[in-house]
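Fold the following and give me the result.
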Amino acid sequence: MKKTTSKSPAALTPDFGVIGGSGLTRIDDLQVVHRQVCRSIWGEPSAPVTYGRLGDATIVFLPRHGAGHTIAPHRVNYRANVQVLHDLGVRKIIAVTAVGGIRPDLAAGSIVIPHDVIDYTWGREHTFFGGHASGSEVTHVDFTEPYATGLRQALADAARSLDIRVSTSGVYAATQGPRFETPAEIDRIEKDGGDIVGMTGMPEASLAAELAMDYANISVVVNPAAGRAPDGVHISLDSIYAELAAGMEKVRRILATAGADVASL
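Residues are numbered from 1 along each chain as shown. Here you go, the predicted model:
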């Protein structure tokens, strides 16, 4: 397919964007209307974007790790992903992630809509305003509310209407990956106030803030964080994949139900 610039056809103006993480490289209920290869001033995004109808909303879907889940968390071109969505007219993003549970009540299978974030990542291109190298002035963006209240409420209301239990608060701790954390690192994160731990929450959230885009996260807990499993059981990839399949099915239902409310914000 020939590469195109990141411009949205007028008839396909999106109501919001969805960035899918591990376990959500496609949305089964999405009525696909159009696929488009895009490029940003920061390079290529993780994959072509997909336009479609989800419930009563028109969305743009972008798989964070690529269509075949081949891009590691520290290798994702977060700037290109967020910039492309912005160029296509997206002003609201719902980001889906798989995480480990730190807080005792957040067992595998839990769904969390976090309210805050701690960034432990390093070496990632984390701003659009890099000063001299990017030719733009250094800009400081307020990050008091990393996750938009309206989007979080729409997701929570949709879950409630579906009788899907979610935690409507939590602190997302973003680590570098791709390895999992050590028990000592999880102890540190817990002392810092982290409730869940993942590898892709930053700089995605802050980049969205720099472009004045509303952004919310919905996370599926797929395993207890290191040292938090009963009897010291090690993290099992087989159990993670099982929890991913079940949890992401719930997330798909929540997204479809929340679509109209998100679009109206």
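
May I have the secondary structure class of Arg35?
At Arg35, secondary structure determined by DSSP: H, G, I helix; E, B strand; the rest coil is strand.

That one is in contact with Ala47, isn't it?
No: under the criterion of C-beta atoms under 8 Å, Arg35 lies out of contact with Ala47, with a separation of 9.6 Å. All C-beta spots, glycine's among them, are computed from the backbone N, C-alpha and C.

Compare those two and say which is more crowded by neighbours.
Neighbour totals were compared for Arg35 and Ala47, and Ala47 leads with 22 against 13 (other C-beta atoms under 10 Å).

Helices of the stretch 101-250 of the chain, start to end?
With DSSP state H, counting those that start in this stretch as the definition, the stretch 101-250 of the chain shows helices at residue ranges 149-161, 183-192, 204-210, 237-264.

so of those helices, which one's packed in deepest?
Highest mean neighbour count of the helices of the stretch 101-250 of the chain: helix 204-210, a mean of 24 (counted as mean count of other C-beta atoms under 10 Å).

how about the CA coordinates for it, as PDB?
Coordinates of each C-alpha in helix 204-210 appear next as PDB, following Å, rounded to 0.1, in the frame of the first residue of the first chain:
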ATOM      1  CA  GLU A 204       2.200   8.000  25.900                       C
ATOM      2  CA  ALA A 205       0.100   9.800  28.500                       C
ATOM      3  CA  SER A 206       2.400  12.900  28.700                       C
ATOM      4  CA  LEU A 207       2.700  13.100  25.000                       C
ATOM      5  CA  ALA A 208      -1.100  13.200  24.700                       C
ATOM      6  CA  ALA A 209      -1.100  16.000  27.300                       C
ATOM      7  CA  GLU A 210       1.400  18.000  25.300                       C
END
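
Just the pLDDT for the residue lying closest to Ser161 once chain neighbours are set aside.
With C-beta to C-beta, 6 or more residues apart in numbering as the measure, Thr257 is the residue that lies nearest to Ser161, at 6.1 Å, once sequence neighbours are left out. Among the per-residue scores, Thr257 holds a pLDDT of 93.

what separates Thr257 from Ser219, distance-wise?
Summarising the geometry, the distance separating Thr257 from Ser219, computed by C-beta to C-beta, to the nearest Å, is 18 Å.

now Glu44
Taking C-beta to C-beta as the measure, Glu44 falls 26 Å from Ser219.

Neighbour count: the two, which is higher?
Comparing Glu44 with Ser219 by neighbour count (other C-beta under 10 Å), the higher total belongs to Ser219, at 30 against 15.

ok, the more buried one touching Thr97?
Yes: Ser219 sits in contact with Thr97 when judged by C-beta under 8 Å, with a separation of 4.8 Å.

any residues in contact with both of those two?
In terms of C-beta atoms under 8 Å, 6 or more residues apart in numbering, Ser219 and Thr97 are both contacted by the residues 172, 198.

any weak-confidence spans in the chain?
Counting by pLDDT under 70, the chain has low-confidence residues at 1-11, 22-26, 28, 131-136, 232-233, 235.

Can you show me the strands along it?
Counting by DSSP state E, the chain has these strands, from start to end: 16-20, 31-36, 49-54, 57-63, 92-101, 111-112, 116-119, 171-174, 196-198, 214-224.
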